[in-house]
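Colleague: can't give you the sequence, but here's the structure:
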């Protein structure tokens, strides 16, 4: 949903015209999937990292316009709130040296961002939910001045008939409140991993990505606190799901794990978009159907935790990607690339496996595993091949070896594989995720969230993996 739109007010005619374009483009995508139009090149991987701008006290700093002007880099773009930005790096062919290159890309871009931030009196921070963010920070006065954000807010509340967002999260503690705009979403920042897939294997890739969501969120959990309350290990999951909800049914939840695995074609997701999700941003564009502009815009307003995307390669040929959205931002660049290494490797193995993803966990089990892992992190109990066990043991005994075999299949050398998956082995063995570290800091020092952020920032600046952090 990164594209800007021209207007934020719409008529009934706009909605009807958009739906007609969406129907034509969905049919065209189905034709492309069937006739081989979509690219199926060697596997490419990439990511987006959402980050915070913070002031000297560790509070949100709403200065992203000044920051982006100073940085002047098209790879860094505004997010919903004026204290958030999104960092992008070039996609890389998955093979020898790719993980090391991704880390170098991210470290270099991060350093350039820091260079633009420091003269403004702010710092960059990658964390799922900033522990110091307050509800009053998440207001329309801190919304980035783009039409698409204004329109998103108006259309969500149109579908809600003006009723406020009701946030209700029950974890270690409970938090219940009302909010009158979509800015709660801005408190949840992610590390979104992208994988280009062969259209013929897209169903398996989509389902495998769902299957891997529970172990990923368990290992990556980095969002225990919201407004001073200790909630889930990855509180970002229920926060985002509730922040843009437009009603009570599965299909009116714009952020969702879904209701089933894909069955015969990845087109099923886009047909569901067309048939079941109300249009939020009916901007009719002067683009040919072949640009899929309306299909892509609509898909960008449905935030599945695993989302199929249609993009265009440098030569203009369309391709399919799976966007894995379950991991939070941070705790360090090293941790983020280690998470990506697990995903790319495990997906490579899953795509070559003689068994489909449903063999290991049916959809209901995969969904239950995901929410259990978001609540309890590495201590969550999950179901795998019909047996219940602790997710940390599953990761250590089954999934990290699976990821290493997949990276080897991609041509990643042994030293590089061990370097990145070793970070995860030690994180899991020590049971120290970002969420565990934050809770341990508060246990040692009390709820001094400014102090927590300062210590977190110092560890992050050293790019040390979180299992090595002290408090």
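Modeller: That came in fine, so what should we check first? Here the structure is a predicted model, which is why all the values come from computation and not from measurement.
Colleague: was I right about residue 19 contacting residue 278?
Modeller: No. Using CB atoms under 8 Å, residue 19 makes no contact with residue 278, being 9.8 Å away. Where you see a C-beta, it was placed from the backbone N, CA and C, and this is true even at glycine.
Colleague: Now do the helix or strand hosting residue 109: which elements does it pack against?
Modeller: In the assignment (DSSP states H and E), residue 109 maps to helix 98-117. Applying 3 or more CB pairs under 8 Å, 6 or more residues apart in numbering; DSSP states H and E, one finds that helix 98-117 contacts strand 44-54, helix 64-71, strand 84-88, strand 92-93, strand 123-125, helix 333-352, helix 414-430.
Colleague: between the ones you listed, which one is nearest to residue 442?
Modeller: Counting by CB to CB, residue 442 lies closest to strand 123-125 out of the helices and strands packed on helix 98-117; the figure is 17.3 Å.
Colleague: Partner strands of the closest one and their direction?
Modeller: In the sheet, strand 123-125 lines up against strand 44-54 (antiparallel) (DSSP bridges).
Colleague: where's the partner strand relative to the chain centroid, distance-wise?
Modeller: 9 Å (CA atoms, centre = their mean, to the nearest Å).
Colleague: Pull out the buried positions in it.
Modeller: 44, 45, 46, 47, 48, 49, 50, 51, 52, 53, 54 (16 or more other CB atoms under 10 Å).
Colleague: Could you point out which of those residues is nearest to residue 347?
Modeller: Lowest distance from residue 347 to these (CB to CB) belongs to residue 45, with 9.1 Å.
Colleague: and the closest one, how far is that from residue 164?
Modeller: Per CB to CB, to the nearest Å, residue 45 is found 40 Å from residue 164.
Colleague: can you check residue 331 too?
Modeller: According to CB to CB, residue 331 stands 33 Å off from residue 164.
Colleague: before we move on, what about residue 49?
Modeller: Distance from residue 49 to residue 164, by CB to CB: 31 Å.
Colleague: do the same with residue 195
Modeller: For residue 195 relative to residue 164 (CB to CB), the value is 37 Å.
Colleague: Which of those two has more residues huddled nearby?
Modeller: Shown here are residue 195 and residue 164; by other CB atoms under 10 Å, residue 195 has more neighbours (25 against 12).
Colleague: For the more buried one, name its beta-bridge partners.
Modeller: residue 45, residue 322.
Colleague: quick one: pLDDT of it?
Modeller: Per-residue pLDDT puts residue 195 at 98.
Colleague: wait, doesn't residue 98 sit right on residue 45?
Modeller: Yes. Between residue 98 and residue 45 a contact is recorded at 7.0 Å, counting by CB under 8 Å.
Colleague: Mind listing the shared neighbours of these two?
Modeller: Counting by CB atoms under 8 Å, 6 or more residues apart in numbering, the common neighbours of residue 98 and residue 45 are residue 92.
Colleague: Can you find the helix or strand of this protein with the lowest average pLDDT?
Modeller: In the chain, no helix or strand scores lower on mean pLDDT, DSSP states H and E than helix 147-159, which sits at a mean of 93.
Colleague: Next SSE downstream of that one?
Modeller: Immediately after helix 147-159, counting by DSSP H and E, sits strand 165-170.
Colleague: tilt between the helix or strand just after that next one and strand 165-170?
Modeller: Per DSSP H and E, the first helix or strand lying C-terminal to strand 165-170 is strand 174-179. Orientation check (axes from the mean of the first three to the mean of the last three CA atoms, to 10 degrees): strand 174-179 against strand 165-170 gives 180 degrees.
Colleague: what packs against strand 174-179?
Modeller: Checked by 3+ CB pairs under 8 Å, 6+ apart, strand 174-179 has strand 165-170 packed alongside it.
Colleague: What residues sit buried inside the strand it packs on?
Modeller: 165, 167, 169.
Colleague: and what of stretch 175-194?
Modeller: Quick answer for stretch 175-194 (16+ other CB under 10 Å): 175, 179, 181-194.
Colleague: end to end, how far does stretch 218-236 reach?
Modeller: 13 Å (CA to CA, to the nearest Å).
Colleague: which parts of it are buried?
Modeller: Buried residues in stretch 218-236 (16+ other CB under 10 Å): 218-227, 229-236.
Colleague: Quick check: helices, which of those residues are part of them?
Modeller: 218, 219, 220, 236 (DSSP state H).
Colleague: Among these, which pair sits farthest apart?
Modeller: Farthest pair in those, by CB to CB: 219 and 236, 14.4 Å.
Colleague: Grab the nearest non-local neighbour of residue 32.
Modeller: Closest residue in space to residue 32, ignoring its immediate chain neighbours: residue 38 at 5.3 Å, by CB to CB, 6 or more residues apart in numbering.
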